[in-house]
Every structure is written in C-alpha cells, then in structure tokens.
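> what's the 3D shape of this:
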Amino acid sequence: NPMYALFRTSPGDRVTYTINPSSHCNPNHLSYFKFVGRIVAKAVYDNRLLECYFTRSFYKHILGKSVR
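Below you'll find the model as predicted:
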C-alpha cells in the first residue's frame with residue numbers, strides 16, 4: 001500500500017521494490033518493517049515464493065553482505 005510509504009519501485013525497472021527513503025514519515029514504519037521482515041523470512045524458511053521482487057541490494061542487506 002503506497003500510503004504506508006515503506007517501499008517504492010526501483011527506478012531502473014519499475015518491477016522490483018526497494019526501501020522508500022521517505023518511510024520515516026510513517027510513525028510506525030519500524031514496526032511495519034519488522035513485520036514485513038518476518039513474513040519474508042518465513043517465506044524463505046518455508047521455501048515459498050513471494051509475488052513481489054526486491055532489489056539485489058535489499059537482499060544483500062538482509063544477508064549482511066557488502067552492498068556496492
């Protein structure tokens with residue numbers, strides 16, 4: 001939902017999502033990100049596909065890898 005301002009489409013392809021730099025305008029954004037993170041983690045753990053795509057830098061950040 002764009003009204004939460006959590007994610008935005010990647011400018012390069014308009015299909016993948018990345019974190020919205022303006023997400024701080026939502027006072028509960030950290031709680032929402034924590035919830036979304038748990039859903040993504042559960043899907044990965046259960047080997048399920050999500051009907052959304054995130055940028056490579058987003059996945060690297062989740063894995064603690066260097067983002068260049």
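> strands of this protein, start to end?
7-9, 16-19, 53-54 (DSSP state E).
> make CSV out of these and add mean pLDDT.
Output for these, formatted as CSV (pLDDT from 0 to 100):
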stretch, mean pLDDT
strand 7-9, 91
strand 16-19, 90
strand 53-54, 90
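> mind checking which helix or strand of this structure has the lowest mean pLDDT?
None of the helices or strands of the chain scores lower by mean pLDDT, DSSP states H and E than helix 56-63, at a mean of 84.
> what's in contact with that helix?
For helix 56-63, the external contacting residues (Cβ atoms under 8 Å, 6 or more residues apart in numbering) are 17-19, 37, 40, 66-67. Backbone N, C-alpha and C define where each C-beta goes, glycine included.
> and the residues you listed as TSV, adding neighbour count?
TSV is the format used below for those (neighbours: other Cβ atoms under 10 Å):
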residue	neighbour count
17	16
18	17
19	16
37	11
40	16
66	6
67	12
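> nearest to residue 30, of those residues?
Proximity of those to residue 30 (Cβ to Cβ) peaks at residue 37, which lies at 10.4 Å.
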